[in-house]
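1. Kindly generate the corresponding structure for this input.
(chains A, B, C and D)
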There are 2 protein chains.
Amino acid sequence: MARTPLREPVAPEIGHTAYRRLREGIASGQFHPNERLVEASVATRLGVGRTAVRAALVRLDQEGLVTLEPNRGARVRLISDREALEIEEVRATLEAMLARRAASRATATDLRDLRLVVVEMRQRVAKNDAIGYSDLNARFHHRIWAAADHAIASRLVGSLKSQSIRLQYQTILRPGRTERSLREHEAIFEALKAHDPELAEESMRAHLAEVQETLKWAIDGLRHAPTWLPG
Amino acid sequence: MARTPLREPVAPEIGHTAYRRLREGIASGQFHPNERLVEASVATRLGVGRTAVRAALVRLDQEGLVTLEPNRGARVRLISDREALEIEEVRATLEAMLARRAASRATATDLRDLRLVVVEMRQRVAKNDAIGYSDLNARFHHRIWAAADHAIASRLVGSLKSQSIRLQYQTILRPGRTERSLREHEAIFEALKAHDPELAEESMRAHLAEVQETLKWAIDGLRHAPTWLPG
DNA sequence: CACGGACAGATTGTCGACATTATTGAGGAT
DNA sequence: ATCCTCAATAATGTCGACAATCTGTCCGTG
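-> So this is what the prediction gives:
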């Protein structure tokens, strides 16, 4: 059976440019949480029409990145600490399921690629390159989703991930985290390689439990030294 | 801590009427799968402007009920059999998680309401009222989501449910299904009443495994006697 | 007869204008 | 001094029109 691609090959969708740029702007922090997104201003700033901005806002609202209130406009959604933890919890549940499936279905190619990622991870850890490690981390998980071949779950997990971007760069700053994370990834890889669904699910669950812990740590850190102020 | 409401008290959102009516129309089968949704036609049919229809389509696309291709318009999305099963699988995973949480957090009010639902269910089964039973089934699960107090997961599960509506009315037609379903719900209720997270998760998982089986049965049935034809 | 290009109809994408609605600030009464 | 009223302002919601794009058909050519 042909494997379903994670992203449709051709799906540029509507209001694409405005949507992507707004999304990018929110993710990168150009638009701060709780900031009002006035359609006209955003339109001129992005160099598109108000209609496109509108479509983008509706989509981002549905996606959970902005809140849209009738007659009151749009704001960049501030993901509360509680929501961030809830998101991570759901992500853990779904990724555990995906890991289980991936263990049964992973092809030789999947395993080869995952092995490459793990090898590169070791190098990044040795070089203390946390940013590079973070990218590899994303690639590792993404590869597992592909191997699991579960379009619905993959889409949901990807959507969840984009919502909690705000805290992503905080979590990798925890001292000693990357080393432990590497070991967890190695364990997951070994389970996949052994085609052991039970073990794969369990090691993924353990990994994401650690991530949750780190997230709590990051939240506590931010609580005492916020990088932004509501305004 | 105040429990997060499942739906915000005041959030009529934008393009609300068009969105709701289109969604209703798709769910009730007025718009058939794969049917083209021409903006102008839908607008006149629903008695709203094209702009509202557009916003509704974008939202429904994000939600997965319609597909939106650039310059080629919108179609009612045909959920493939495979996707339907995937959706059910994810739903099972998330609802199992929610049941676990609900077991720990269910209040006396939650349990009283659930008990009422179960009692009513028995009466509907006795009367062979499959439709009424189906409504109660929705109420039962909804109540558990509320008790679990997990906004993110609840939203996702609700969204998933709306996507697989097409087969909903097929599954309840299976002979003897309602009786078994009732017993499964009773088991879940008992687990929640006992505040046993492990048992609640397990009985919910068992229940949804049965639902998955029934779904497969319904799909096989439709394959031999489709109620609609692509056109 | 098959194939390909051009034309016509239909539909979507985008923009601007106007109506509707919330918000803000000043002014006055208590 | 505080609160209420009400107008001014800004932003959103909606509509119609035009341009860009796609689809299907017809006709000419090989």
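2. pLDDT at A:Ala146, what is it?
-> Confidence at A:Ala146, expressed as pLDDT, is 97.
3. Show me what secondary structure element comes after the host helix or strand of it.
-> According to DSSP states H and E, A:Ala146 maps onto helix A:130-148. Downstream of helix A:130-148, the first helix or strand assigned by DSSP H and E is helix A:151-163.
4. next structured bit after that following helix?
-> Downstream of helix A:151-163 (by DSSP H and E), the next one is helix A:168-171.
5. For whatever helix or strand comes next after that following helix, give me every contacting residue.
-> Moving toward the C-terminus from helix A:168-171, the next helix or strand (DSSP H and E) is helix A:177-193. The contact list for helix A:177-193 (Cβ atoms under 8 Å, 6 or more residues apart in numbering or on different chains) reads A:99, A:102-103, A:106, A:110-111, A:114-115, A:118, A:121-122, A:124-125, A:130, A:133, A:137, A:140, A:144, A:147, A:171-172, A:199-200, A:202-204, A:206-207, A:210-211, A:214. C-beta: built from backbone N, CA, C; applies to glycine.
6. Chain neighbours aside, what residue packs nearest to the residue of chain A found nearest DNA strand D?
-> DNA strand D sits closest to A:Gly73 of chain A, with a gap of 3.0 Å, by Cβ to the nearest atom of the strand. Leaving out its chain neighbours, the residue that sits closest to A:Gly73 by Cβ to Cβ, 6 or more residues apart in numbering or on different chains is A:Arg36, at 6.1 Å.
7. Now do the helix or strand of chain A with the lowest mean pLDDT: distance to the chain's middle.
-> Every helix and strand of chain A was ranked by mean pLDDT, DSSP states H and E. The lowest is helix A:168-171, at a mean of 76. In terms of Cα atoms, centre = their mean, to the nearest Å, the centre of helix A:168-171 is set 11 Å apart from its chain centre.
8. How about stretch A:63-77?
-> 21 Å.
9. can you tell me the average pLDDT over it?
-> For stretch A:63-77, the mean pLDDT works out to 91.
10. ok, and what's touching that stretch?
-> Here stretch A:63-77 has contacts from A:23, A:26, A:31-39, A:57-58, A:60-61, A:159, A:162-163, B:11-14, B:16, B:62, using Cβ under 8 Å, 6+ apart.
11. try 6 Å
-> A:26, A:31, A:33-37, A:57, A:60-61, A:163, B:12, B:14 (Cβ atoms under 6 Å, 6 or more residues apart in numbering or on different chains).
12. Pretty sure A:His32 sits in a helix.
-> No: A:His32 is assigned coil when assessed by DSSP: H, G, I helix; E, B strand; the rest coil, not a helix.
13. my read is A:Thr67 is in a strand, agree?
-> Yes: judged by three-state DSSP, A:Thr67 forms part of a strand.
14. what sits opposite it in the beta ladder?
-> A:Arg75 (DSSP bridges).
15. Spatially nearest residue to A:Ala99, not counting backbone neighbours?
-> That would be A:Met204: by Cβ to Cβ, 6+ apart, it lies 3.7 Å from A:Ala99.
16. how many other residues sit next to the one you found?
-> A:Met204: 27 surrounding residues under other Cβ atoms under 10 Å in any protein chain shown.
17. before we move on, what about A:Arg36?
-> Residues near A:Arg36, counting by other Cβ under 10 Å: 12.
18. same thing with A:Leu85?
-> 17.
19. Please name every helix or strand in contact with the host helix or strand of it.
-> Using DSSP H and E, A:Leu85 sits within helix A:81-105. Of the remaining helices and strands, those touching helix A:81-105 by 3 or more Cβ pairs under 6 Å, 6 or more residues apart in numbering or on different chains; DSSP states H and E are helix A:130-148, helix A:151-163, helix A:197-224, helix B:81-105, helix B:151-163.
20. what residue ranges in chain A are flagged as low confidence?
-> A:1-15, A:225-231 (pLDDT under 70).
21. Check the helices and strands packed on helix A:81-105 for me and report the most buried one.
-> Neighbour counts (mean count of other Cβ atoms under 10 Å in any protein chain shown) averaged over each of the helices and strands packed on helix A:81-105 peak at helix B:81-105, with a mean of 21.
22. State the next helix or strand along the chain beyond that one.
-> Next along from helix B:81-105, by DSSP H and E: helix B:108-126.
23. buried stuff in that next one?
-> B:110-111, B:113-114, B:117-118, B:120-121, B:124-125 (16 or more other Cβ atoms under 10 Å in any protein chain shown).
24. got a markdown table for these, with distance to B:Leu94 too?
-> Converted to a markdown table, those look like this (distance: Cβ to Cβ, whole Å):
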| residue | distance to B:Leu94 |
| --- | --- |
| B:Asp110 | 19 |
| B:Leu111 | 22 |
| B:Asp113 | 21 |
| B:Leu114 | 19 |
| B:Val117 | 20 |
| B:Val118 | 22 |
| B:Glu120 | 25 |
| B:Met121 | 22 |
| B:Arg124 | 26 |
| B:Val125 | 27 |
